[in-house]
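K.L.:
here are the coordinates; sequence isn't available:
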């Protein structure tokens, strides 16, 4: 999904540079878009709430916003954490509800489209003068790429990439490279199988032994990730598939 072209309703705005995901739910909350010459290389936040059509063949995503709306949206400093206050200002600017305002993955529902066009009442919006702000649990995919993967009985490899569901915009799998332990093999690990993440030590601890992961179905980047492969993966790990717990059937794509 990196380098996908992002188009507003009145023209191209840039391409995807990276993603910010929620470290509690593993949902992609924002696409970070590099604008190139249009806005002198400024980086923009684009929420999946505003994404509409996706054309995977031409690698293009359509956004239900105009270039003027996007140009005047709150700016982002990628050298600093994105605060919940900044998120609230962003959503208030576009008149959309907060994704943290409900019990589902996207507040009002399991999909970001649930928030599209649903304005939050003025009295319910956060005040910029509010002294206490809940922490924003956002992490960069660029930052987490390269994190060490540790099984229950020792180090296994590192995070190579992410598999993203473009319907719910959640990270379904971490692509794990085991070449520093198992030459050349790549496997997938679901965030649901993660025990803990040490952000200070850049380490992901998985609730599985190395030998089990060693024999897991190999992930081949050159082959489409099919439901048949996912079934095989979950049966191997003896884990209930996510699509049996969630509404609808989503497809996945590689970040």
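P.N.:
Received, thanks. This is a predicted model, so every value here is computed, not measured.
K.L.:
Now do the buried residues in stretch 90-101.
P.N.:
Judged by neighbour count (16 or more other Cβ atoms under 10 Å), stretch 90-101 contains these buried residues: 90-92, 94, 96-100. For the C-beta atoms, the positions are set from N, CA and C on the backbone; glycine is no exception.
K.L.:
How about stretch 4-21?
P.N.:
4-8, 13-21.
K.L.:
Narrow those to those in strands?
P.N.:
In this view, the buried residues of stretch 4-21 that belong to strands under DSSP state E are 5-8, 13-21.
K.L.:
where does residue 88 fall, phi/psi-wise?
P.N.:
phi -60, psi -40 (degrees, to the nearest 10).
K.L.:
what about it, neighbour count?
P.N.:
22 (other Cβ atoms under 10 Å).
K.L.:
From residue 33, how far off is it?
P.N.:
Spatial separation of residue 88 from residue 33 under the definition Cβ to Cβ, to the nearest Å is 20 Å.
K.L.:
next one: residue 208
P.N.:
Using Cβ to Cβ, residue 208 is found at 35 Å from residue 33.
K.L.:
Neighbour count: the two, which is higher?
P.N.:
Of the pair residue 208 and residue 33, residue 33 is the one with more neighbours under other Cβ under 10 Å, namely 25 against 20.
K.L.:
So for the helix or strand hosting that one, mean pLDDT?
P.N.:
Assigned by DSSP states H and E, residue 33 belongs to strand 28-34. On average, the pLDDT along strand 28-34 is 95.
K.L.:
contacts for the next helix or strand after it?
P.N.:
Under the assignment DSSP H and E, the closest C-terminal helix or strand after strand 28-34 is strand 43-46. By Cβ atoms under 8 Å, 6 or more residues apart in numbering, the residues outside strand 43-46 that reach it are 6, 13-14, 17, 20, 30-35, 63, 70, 73-74, 76, 78, 82, 90.
K.L.:
from the chain's centre, how far out does strand 43-46 sit?
P.N.:
Taking the mean C-alpha point of strand 43-46 and that of its whole chain, the gap between them comes to 14 Å (Cα atoms, centre = their mean, to the nearest Å).
K.L.:
mind listing what's buried in that strand?
P.N.:
Result for strand 43-46 [16+ other Cβ under 10 Å]: buried residues 43-46.
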